[in-house]
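>>> starting from these lines, generate the structure:
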Amino acid sequence: QLRLLHDPDDRFDALIALIDGATHSIRAFYYMFDPDGVGQAVMTALLNALERGVSVELAIDAFGSGRRHIDWFRQIERAGGRFFLFGAKRSVRYLIRNHQKMLIIDGHTALVGGFNITDQYFGRSGAQSWEDLGLIVHGPTAAHLQDFYEGLRDLLTVDRARLRDARSLIKGWQNRMQGPLKWIIGGPAPRLNPWALSLKRDMQHATRMDIASAYFSPARGLLRRIAATHLRGGYSRLILAGQTDNGATIGASRLLYGFLLRRCVRVYEFQPRLFHMKLLTIDDVTYIGSANLDPRSLAINLELMLRIDDAAFARHVRTTVIE
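So this is what the prediction gives:
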């Protein structure tokens, strides 16, 4: 079962309701988690779950969330839960960010998307709020995600975890995924990682692409694939950021517009507010998750995308979000 969550209040209500409804376990990993209004509400819900006897684990990225509020996060440990930091040591590996966002409830329900746990991602920062998207996944696919989380968690508890250990986790776990719903993991790899490879294959012969990407500066190969749909009688449509937190990223995207427009790609910039969505529909395949179409998301960061091969769901995404 899949449920799209576009409205920020719907996403917040679903987030709290899932935590409040947990009876056995909560596993959460977020790139950013701030002690503002939304963060305090989520932390309170997690602490309440611990009081009910629910097993709670929270992991955050040390770069995204920083070190300023570590004692605040330690509330989880003091209440009997577990708390982890990804990339806490300042080394070459520190530059590899875990950009994933996931909440897994009782091993059978997951909430994923591009949003972090801060006021900005839930419409509570006025003009500085982000436009974003979430997806609830209920069933065996959520259980597969918990398997991945536990492998990642095990890496965080090893004093000298190496880069190749993370690569082995991504490669070994990815090979187990089969069927129309697949978790696709991005991360540092000697060649193309599973996220970049899956995207490349789906784009190869596509006739229609609808892409909403907060940061857009793909390599030339992906750019050519996006532009080639008109040669097969189809088209590509891009919704990109008109406002963001880093103007240089918009400038980087605009450098590509000429190439795309000359090849009949339809390009739109989202203007009402900051844009943070990561959503792709390629023919009958939909990707939703944490990855942008930029070099860091495609080759460096740890990213999480759900690949959904279903024509009806692709139509649903196009009519309810893209259009």
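>>> ranges for the strands of the stretch 101-250 of the chain?
For the stretch 101-250 of the chain, the strands defined by DSSP state E, counting those that start in this stretch occupy 102-105, 109-113, 130-131, 134-138, 181-186, 208-213, 235-241.
>>> same for the fourth one, what does it pack against?
For strand 134-138, the packing partners by 3 or more Cβ pairs under 8 Å, 6 or more residues apart in numbering; DSSP states H and E come out as strand 2-5, helix 8-21, strand 109-113. In this view, the C-beta of every residue, glycine as well, is placed from N, C-alpha and C.
>>> nearest to H69, of the ones you listed?
helix 8-21 (19.0 Å; Cβ to Cβ).
>>> and the contacts of that closest one?
3, 5, 26, 38, 41-42, 45-46, 48-49, 103, 105, 109, 111, 113, 115, 121-124, 129, 132, 134, 136 (Cβ atoms under 8 Å, 6 or more residues apart in numbering).
>>> report how far apart the opening and closing residues of stretch 23-34 are.
Counting by Cα to Cα, to the nearest Å, you get 25 Å between the two ends of stretch 23-34.
>>> average model confidence for stretch 218-228?
The average pLDDT within stretch 218-228 is 95.
>>> give the buried residues for that stretch.
By neighbour count on 16 or more other Cβ atoms under 10 Å, the buried set for stretch 218-228 is 218, 223, 225-228.
>>> could you list the buried residues of the helix or strand harbouring G251?
Assigned by DSSP states H and E, G251 belongs to helix 247-254. By neighbour count with 16+ other Cβ under 10 Å, helix 247-254 contains the buried residues 249-250, 253.
>>> closest one of the residues you listed to L293?
Among the buried residues of helix 247-254, and counting by Cβ to Cβ, the member closest to L293 is S253, at 9.3 Å.
>>> spatially nearest residue to the closest one (excluding sequence neighbours)?
F216 (4.4 Å; Cβ to Cβ, 6 or more residues apart in numbering).
>>> that neighbour contacts N292, correct?
Yes. With contacts counted by Cβ atoms under 8 Å, F216 reaches N292, the gap being 7.1 Å.
>>> list the contacts for the residue nearest in space to the middle of the chain?
With distances taken as Cα atoms, centre = their mean, S290 lies nearest the centre of the chain, 1.6 Å away. Counting by Cβ under 8 Å, 6+ apart, S290 touches 31, 99-101, 112-114, 278, 297, 303-305.
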